[in-house]
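*Asks:* Provided below for reference: sequence and predicted model.
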Amino acid sequence: MLELVLAGFVLAVACTAGAVALYERELRRMARFLDGRDPASNERVGVEFATSGTRALARAVNATLDAHGEANAAVFEHARAFRRDLAALSHDIRTPLAGAQGYLQFYERTGDEAERARCVAEARERLAAMRTLTDRLFDHAKAADPDAELTLVRVEVLPLLADVLAAAYPDFLERGAVPEVDFADDEFSATADADALARVLSNLVTNALRHGAGDVRIIQRGRTLSFANAVREGAAPDVERLFDRFYKADVARNGEGAGLGLSIVANLCEKMGASVEAHLEGDELTITLTLAE
């Protein structure tokens, strides 16, 4: 009887030792895989000695690898977007500067007083475009600054919008457009920073006038405020990129502005707990704000 007990014990020890050896070999294999794995690779850990423990370990390791892969992809995309934005900004800076320089050179070569006056006017216009660009860059930097604090209070939206539209009256007049305002609730209010919300509304009105065609419809329903008008022929935007820094619908980048206005809108909305989205149906672009209660 004792011999049977001893034999069983020895067998159990042997089985345990064998299992430990198999676990050891499996762990070493996984370690070699991780040591030799290319960080840019999509390879995942497999299981040769399949137990509930090794399968759980492989799942945990692969989840970590996936998370690192996603983080690396995000860093790569951020770097790519930054390079693209720098190229766009460089173009937007060079274009008015080169234009102003060209007109000043022509000014020096011509003796015609009318032409000289035209050169000065054209150079001033391009330098004014540079001033607009630098102002928008400053606004974008402030809006994107994570340390910049906003003062969130109850803000009545319609009076604020009225001030924005009054300031934009010359632009509406110049383009022959009319703002069509439709508020379901004239006393609609939201939690927001008054200055930031005014900037958001102003940028949306400016965007509609500069890049759209026809009248601008501004509609309030519930907590949403929509800005809608037709897009110019051949200038349909990519709504997925509309709120990116320096994005412009025209490939040649000959439009007004620096492509920063809607990026500022998105940043300020995020800080105020609001959201903004764009929809394109046919030739009509609608940008909708959902304001915080």
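*Replies:* Ah, there it is. Small disclaimer: the values here were computed from a predicted structure and weren't measured.
*Asks:* can you tell me how far Arg241 is from Ala278?
*Replies:* In this view, Arg241 and Ala278 are 10 Å apart by CB to CB, to the nearest Å. Just so you know, the C-beta spots here come from the backbone N, C-alpha and C atoms, and that holds for glycine as well.
*Asks:* out of those two, which sits in the busier spot?
*Replies:* Ala278 (17 against 14; other CB atoms under 10 Å).
*Asks:* please report phi then psi for the more buried one.
*Replies:* When read as degrees, to the nearest 10, the backbone of Ala278 gives phi -130, psi 150.
*Asks:* what kind of secondary structure is the closest residue to it other than its chain neighbours in?
*Replies:* Spatial nearest neighbour of Ala278, excluding adjacent residues (CB to CB, 6 or more residues apart in numbering): Val239 at 4.3 Å. Assigned with DSSP: H, G, I helix; E, B strand; the rest coil, Val239 falls in the coil class.
*Asks:* what's Val239 in contact with, if anything?
*Replies:* Val239 makes contact with Ala278, His279, Leu280, Leu285, according to CB atoms under 8 Å, 6 or more residues apart in numbering.
*Asks:* show me which of those residues are buried.
*Replies:* Buried residues within these, counting neighbours by 16 or more other CB atoms under 10 Å: Ala278, Leu285.
*Asks:* make JSON lines from the contacts of Val239 and add secondary structure, pLDDT and distance to Leu204 to it.
*Replies:* JSON lines is the format used below for the contacts of Val239 (DSSP: H, G, I helix; E, B strand; the rest coil; pLDDT from 0 to 100; distance: CB to CB, whole Å):
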{"residue": "Ala278", "secondary structure": "strand", "pLDDT": "91", "distance to Leu204": "10"}
{"residue": "His279", "secondary structure": "strand", "pLDDT": "91", "distance to Leu204": "14"}
{"residue": "Leu280", "secondary structure": "strand", "pLDDT": "89", "distance to Leu204": "15"}
{"residue": "Leu285", "secondary structure": "strand", "pLDDT": "90", "distance to Leu204": "11"}
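*Asks:* do a quick rundown of the helices in the stretch 101-250 of the chain.
*Replies:* Remark: helices assigned in the stretch 101-250 of the chain by DSSP state H, counting those that start in this stretch are 113-144, 157-167, 169-175, 194-211.
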